[in-house]
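Peer 1: pasting the structure only:
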């Protein structure tokens, strides 16, 4: 396994990037370090550059600019084979006519492993993936999830790989089996401490799988952070929108001196925060998550009533375990999550965004609530320090 | 909401419909009736028979046995074996299927041309549908020049332009990006609400079924296990199979023994969540559960000694409460944070369970977890999976 460093790595499919001229970057130049044994996800919509980034790491592509280092060694010009990368794809890649055992043994035999060592290693990996009972069966007859486990096993069986890259590996798996495979993947990561890089457009998969998620859009890395940081403190409106279902609500707002104006709705806000927001950009938005607001079906006349704001019900969606409400609120429309038992009494209801959970954005970038506040985990040094205690506690039974 | 309703949303009646291919049975004999103008969701795992059923409904495949009837305003006709072009229906597939050599405009117009719609009306209808599906800027492009989302919008637009009495959608969003799916689903719902078309929408995802609402037909291994209003089937599953199909993350099932004299259930070893089959014995075993009186009555009436208790993952709570009188103890095998929720996979001596907690709860692997349960929230099933009892919901629906 290896630490992976990307130094000013950028890629353009239409050839060399000349400084100054307009380059159509598939991946904008970026610098990033992935620690040895980490579990990372590359998340973004189609065409965001995540697959380009994956192919640069595997060596299928050579970057237009920049350097890639594995454990400090420059491997930018090496092909996929010399990089010692294992890959698992969307669809199982197997030899159907071979047994499960022979499929798992293939990468080892290919590298001239002794048969006794092959047996031991295949046995270990099969045990890890609950494939022991199937070892003598042919791969062809097995269901898709078992076939994908074999693909995964082929990626994990070698002990010398720098990293295992997974490209949308759960696409063909049914929802109720995805849980099983995701759990398996996490357990394997815990036990083997392999570096895993997982590409997906599915935020739930990315967030539940990874220790850190790299969110991308239009060839640009917008934020690298823990699932918690991406959810609670998205640094860009795209991240707020993309993470969460429904995503974060954004309402255009006018800045006042100690309050913001969302059309008719006025919310108090710290003056110092507003001053920094004004300095940071011209177009301002208030953001809050669908679960960061309280709802009332009917107005209350108590003292607390002052904080409640009127909203018009556009849609009401019972979801079994909870319900979702789409509301016209202030300067736009928002989604709010409420308890399963909640039912609006008519077209109008009352809303109170939780003051502690409000976020301000200037020209799509987050304006931290506290000056100089640390946001996310974009600094690799900080990430490594954070991860250390976790790794230690994971090793202790 | 001023769209002109289609004059003839179709009713559909399947009688003893069955499909075998060689030795394999794709669909066991089933009866099903669709009310005109309603949204019906076919919910089931891959290979449950959803696509087979849709193809039979469309007349793309012939049933091995059984009849299919179509009803318009109370008048029925037998359409078994009728070729699809003689039926008043449109279908959208998982794969984005469009005419590659035609522009988006011509793709959308094709069913209308086929039907000889006058030119003025045709242009008007294409423009309206294109606007609704946000395709107006792309009308002169070919499908290959579009993104996946736009290609599927084109296929949907063509199906909607046809304004058929029956619209069959086979996992139409499954090949799209997650966020795009969310967006298009919301738009599609809006469009379908104002149309007087009978819709059948196949999906593997319980969350999508709930979002779509309407009626649901739950399928498993070639059989219809339950059908009815979506929320009602969710709250009152008739069988373990229906409850499982509607639970994501998976349902937690705990085998129990019933003491008829005391009216008390005791958990026995072998708790399974549906995600794991390996189990130990001991701890959970012996825990007594004072079920709701109605549940006790149901179990007593069924005269069973051994039965199954079940809870959905969100009913394994992170905090004690006045009604949560039971505590399940275990160790954390895995904590997955999705942002709005934390999924906790917990190993208890009785077996593995999954808890869904609101918010972010960082839990170290291997640490102790306490799960608080409300005994009145248990579902009860017989050992062969027939529902004995479903707890009343907060709103008392179903």
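Peer 2: Structure received. Just so we're clear, the structure is a prediction, and the values are computed from it rather than from any experiment.
Peer 1: host element of the closest residue to residue A:256 other than its chain neighbours?
Peer 2: Leaving out its chain neighbours, the residue that sits closest to residue A:256 by CB to CB, 6 or more residues apart in numbering or on different chains is residue A:274, at 7.1 Å. (Each C-beta comes from the backbone N, C-alpha and C, glycine too.) Per DSSP states H and E: residue A:274 is located in helix A:271-280.
Peer 1: would you mark the buried spots in that helix?
Peer 2: Across helix A:271-280, burial judged by 16 or more other CB atoms under 10 Å in any protein chain shown covers A:273-274, A:276-277, A:280.
Peer 1: over to stretch A:332-344?
Peer 2: For stretch A:332-344, using 16+ other CB under 10 Å, the buried residues are A:332, A:334-338, A:340, A:342, A:344.
Peer 1: in stretch B:27-42, what's buried?
Peer 2: Residues of stretch B:27-42 classed as buried by neighbour count (16+ other CB under 10 Å): B:27, B:29-30, B:32, B:34, B:36-37, B:39-42.
Peer 1: which pair in the residues you listed spans the largest distance?
Peer 2: Spanning the widest gap among the buried residues of stretch B:27-42 are B:29 and B:37, at 27.0 Å by CB to CB.
Peer 1: which positions in the stretch 251-398 of chain B make contact with chain A?
Peer 2: Residues of the stretch 251-398 of chain B lying near chain A by CB under 8 Å from any CB of the partner chain: B:274-276, B:312, B:314, B:333-334, B:336-340, B:343, B:345, B:354, B:356, B:358-360, B:362, B:364-366, B:393-395.
Peer 1: filter those residues down to the buried ones, PyMOL style.
Peer 2: Buried residues within these, by 16+ other CB under 10 Å, are selected in PyMOL with:
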select buried, chain B and resi 274+275+276+312+314+333+334+336+337+338+339+340+343+345+354+356+360+365+393
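Peer 1: tell me which residue of the stretch 251-397 of chain A lies closest to chain B.
Peer 2: Distances between the stretch 251-397 of chain A and chain B by CB to the nearest CB are smallest at residue A:341, namely 3.4 Å.
Peer 1: mind checking which helix or strand that residue is in?
Peer 2: Short version, using DSSP H and E: residue A:341 is in no helix or strand.
Peer 1: check contacts around the closest residue to residue A:43 other than its chain neighbours.
Peer 2: Nearest non-adjacent residue to residue A:43, counting by CB to CB, 6+ apart: residue A:206, 4.1 Å away. By CB atoms under 8 Å, 6 or more residues apart in numbering or on different chains, the contact set of residue A:206 is A:41-43, A:198, A:200, A:213.
Peer 1: among the residues you listed, which one has the most neighbours?
Peer 2: Neighbour count (other CB atoms under 10 Å in any protein chain shown) singles out residue A:43 as the most crowded of those, with 29 neighbours.
Peer 1: isn't that one right next to residue A:212, touching?
Peer 2: No - with contact defined as CB atoms under 8 Å, residue A:43 does not count as touching residue A:212 (10.6 Å).
Peer 1: ranges for the helices of the stretch 51-200 of chain B?
Peer 2: Under the criterion DSSP state H, counting those that start in this stretch, the stretch 51-200 of chain B contains helices at B:104-114, B:119-132, B:148-161, B:178-193.
Peer 1: could you check the angle the third one makes with helix B:178-193?
Peer 2: Relative orientation of helix B:148-161 and helix B:178-193, computed by axes from the mean of the first three to the mean of the last three CA atoms, to 10 degrees: 10 degrees.
Peer 1: over to the shortest one?
Peer 2: Note on geometry: by the same axes, to 10 degrees, helix B:104-114 and helix B:178-193 are set 30 degrees apart in direction.
Peer 1: gap between helix B:104-114 and the chain center?
Peer 2: Relative to its chain's centre, helix B:104-114 lies at 32 Å (CA atoms, centre = their mean, to the nearest Å).
Peer 1: in that helix, what's buried?
Peer 2: Quick answer for helix B:104-114 (16+ other CB under 10 Å): B:104-112.
Peer 1: domain assignment for chain A?
Peer 2: Domains of chain A are assigned by automatic domain parsing as A:4-232, A:249-367.
Peer 1: out of those, which is the most enclosed?
Peer 2: Counting by mean count of other CB atoms under 10 Å in any protein chain shown, domain A:4-232 has the highest mean neighbour count of the domains of chain A, with a mean of 19.
Peer 1: quick one, helices of the stretch 201-350 of chain A?
Peer 2: For the stretch 201-350 of chain A, the helices defined by DSSP H, counting those that start in this stretch occupy A:203-209, A:227-232, A:237-242, A:271-280.
Peer 1: switch those helices over to TSV; also include mean pLDDT.
Peer 2: Putting the helices of the stretch 201-350 of chain A into TSV (pLDDT from 0 to 100) gives the following:
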stretch	mean pLDDT
helix A:203-209	89
helix A:227-232	92
helix A:237-242	96
helix A:271-280	96
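Peer 1: what does stretch B:375-388 rub up against?
Peer 2: B:236-243, B:253, B:255, B:289-292, B:295, B:298-299, B:302, B:304, B:306-311, B:315, B:323, B:325-326, B:389-391.
Peer 1: with stretch B:287-297 instead?
Peer 2: With contact meaning CB under 8 Å, 6+ apart, stretch B:287-297 is reached by B:256, B:263-267, B:299, B:309, B:325-326, B:328, B:375-376, B:378, B:380, B:388-389, B:391.
Peer 1: out of these, which are inside helices?
Peer 2: Judged by DSSP state H, those include residue B:299 as members of helices.
Peer 1: which of the contacts of stretch B:287-297 are buried, as a PyMOL select command?
Peer 2: Only the buried entries of the contacts of stretch B:287-297 go into this PyMOL selection, using 16+ other CB under 10 Å:
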select buried, chain B and resi 256+265+267+299+309+326+328+375+376+378+380+388+389+391
